[in-house]
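Chemist: Everything below, folded, please.
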Amino acid sequence: MAALQRGGTTEAIPFCNIKALPITDSIAEASNARIQRVTNKPRNPANKASESEIAIIQNFQSRIENGDTLEPAIETLDGRTVYYFPIITNPMCLQCHGKPGKEVQEVTLENLKKYYPADQALGYGLDEIRGLWKVIPNPIQQ
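Modeler: Reported below is the predicted structural model:
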């Protein structure tokens with residue numbers, strides 16, 4: 001957010017390309033959990049959602065469209081509890097994830113293509129589910 005405020009998308013895109021995963025990892029370590037972003041429309045292929053995660057994204061989107069309250073989704077995966085929190089688009093998100101030629105400026109598209117040649121994370125509108133925060137707490141050490 002600071003990079004976006006400092007230099008707009010021109011500064012934020014290269015920053016996110018290099019720093020997004022390390023920042024997430026540092027928050028995960030401080031929280032004693034594994035934290036990952038997953039999406040059905042990845043910008044970074046490492047964030048591609050599984051089929052069951054795509055179903056959760058679609059469920060959250062249906063609920064948001066119906067005006068329902070969103071609560072975290074909870075599943076058990078390989079014997080561990082996994083929490084999924086929706087990532088909901090807002091005007092700030094749309095600068096890089098909105099519709100090209102509308103919210104996403106041409107200079108931003110050029111930078112996205114440079115850093116993310118297989119980018120699929122465009123075309124969102126306000127209040128849409130862009131993906132999920134996937135949180136897996138680490139087991140408590142005795």
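
Chemist: low-scoring stretches of the protein, by residue?
Modeler: 1-28, 30, 140-142 (pLDDT under 70).

Chemist: which residues of it fall in strands?
Modeler: 33-38, 73-77, 80-88, 129-137 (DSSP state E).

Chemist: Can you pull out the residues in contact with the shortest one?
Modeler: Applying Cβ atoms under 8 Å, 6 or more residues apart in numbering, the contact partners of strand 73-77 are 52, 56, 59-60, 81-84, 132, 136. No exception for glycine: its C-beta is placed from N, CA and C like everyone else's.

Chemist: quick one: which two of those are the most distant?
Modeler: The most widely separated members of those, counting by Cβ to Cβ, are 59 and 136 (19.4 Å).

Chemist: In TSV, list the strands of the chain along with mean neighbour count.
Modeler: Shown next, in TSV, are the strands of the chain (neighbours: other Cβ atoms under 10 Å):
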stretch	mean neighbour count
strand 33-38	18
strand 73-77	12
strand 80-88	17
strand 129-137	20
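
Chemist: any chance of those strands in TSV, with distance to residue 112 too?
Modeler: Output for the strands of the chain, formatted as TSV (distance: least, Cβ to Cβ, whole Å):
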stretch	distance to residue 112
strand 33-38	17
strand 73-77	29
strand 80-88	18
strand 129-137	15
